[in-house]
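A.B. asks: here is my input, please return the structure:
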Amino acid sequence: MADLTDTSPVAFESDKLEWDKHKASISYGVPNSSNWNGSCAVIAHGAGGPMYSPFITYFHAELAKRGFLTVKFNFPYMEARRRIPDRADTLEGCYAKIVERVRTGPHVPKHIFLGGKSMGGRIASQAVSKGLEADGLFFLGYPLHPPGKPQKLRDAHLYELKTPMLFISGTKDQFAGKDLLEGVVTKLGDKATLHWVQGGNHSLDPGKGKTVKDETYNGLVDLLQNWFNDNALRGPT
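C.D. replies: Residues are numbered from 1 along each chain as shown. The predicted structure follows:
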């Protein structure tokens, strides 16, 4: 258990899951009890980097400082230090297991938002399309198509969703052509919001040095905080 005091803004807890020969490590960012707003954000990693990557670690810690219970985890293949991602059903099943653990754990959030970087966000949306409940989905660089293959869109399941969605994407992201992503979001209608990071790559970095990157990421935490709060009262869809 975390040791929370009145002076500690965030504490971190570790947990592990095992099921069907799969394993996953979990890290919780736990706000001070007087600061917690009752909402939780689950942030899944992308295909190539674990939950301990600087990108995931940043959003995990900063959102916790803003009063959100934050959760990051390793998918089974990453936990086993394999390079090739698991099959989609295993990834989706893992995400559902993580959410079940969060909902039945000691903190019991009132609202839960699911998403992540690249593949992690996509898997969250696929799991929700198959029945996993969430108050909203957030995508930190949605991988709409493989680089150089804009004809292979990964959007079909998105149109089945009623859940509010926030897409945060770089204008130079090779995994999401600007016109293509704008078309998808337009087709999704009022349930989807799109925020562009000008010059941003697949990691939302404008490529103008550390100061600009830090300012950009801090602004994205502001954006996520406001979007989570705006959607918290709508309840699962």
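
A.B. asks: which residue ranges of this protein form helices?
C.D. replies: For the chain, the helices defined by DSSP state H occupy 54-65, 76-79, 88-104, 119-129, 178-188, 210-231.

A.B. asks: just send those helices back as a markdown table, with distance to residue 20 too.
C.D. replies: C-betas here are computed from N, CA, C, even on glycine. Putting the helices of the chain into a markdown table (distance: least, C-beta to C-beta, whole Å) gives the following:
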| stretch | distance to residue 20 |
| --- | --- |
| helix 54-65 | 25 |
| helix 76-79 | 9 |
| helix 88-104 | 8 |
| helix 119-129 | 16 |
| helix 178-188 | 34 |
| helix 210-231 | 32 |
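
A.B. asks: among these, show me which one is buried the most.
C.D. replies: Stretch with highest mean neighbour count among these: helix 119-129 (a mean of 25; mean count of other C-beta atoms under 10 Å).

A.B. asks: so which elements touch that helix?
C.D. replies: Counting contacts by 3 or more C-beta pairs under 8 Å, 6 or more residues apart in numbering; DSSP states H and E, helix 119-129 packs against strand 39-44, helix 88-104, strand 111-117, strand 136-140.

A.B. asks: low-confidence regions, this protein specifically.
C.D. replies: 1-8, 234-237 (pLDDT under 70).

A.B. asks: again, only this time at 50
C.D. replies: 1-7, 237 (pLDDT under 50).

A.B. asks: what residues are up against residue 30?
C.D. replies: Going by C-beta atoms under 8 Å, 6 or more residues apart in numbering, residue 30 touches 2, 4, 10, 11, 12, 13, 36, 64, 69, 107.
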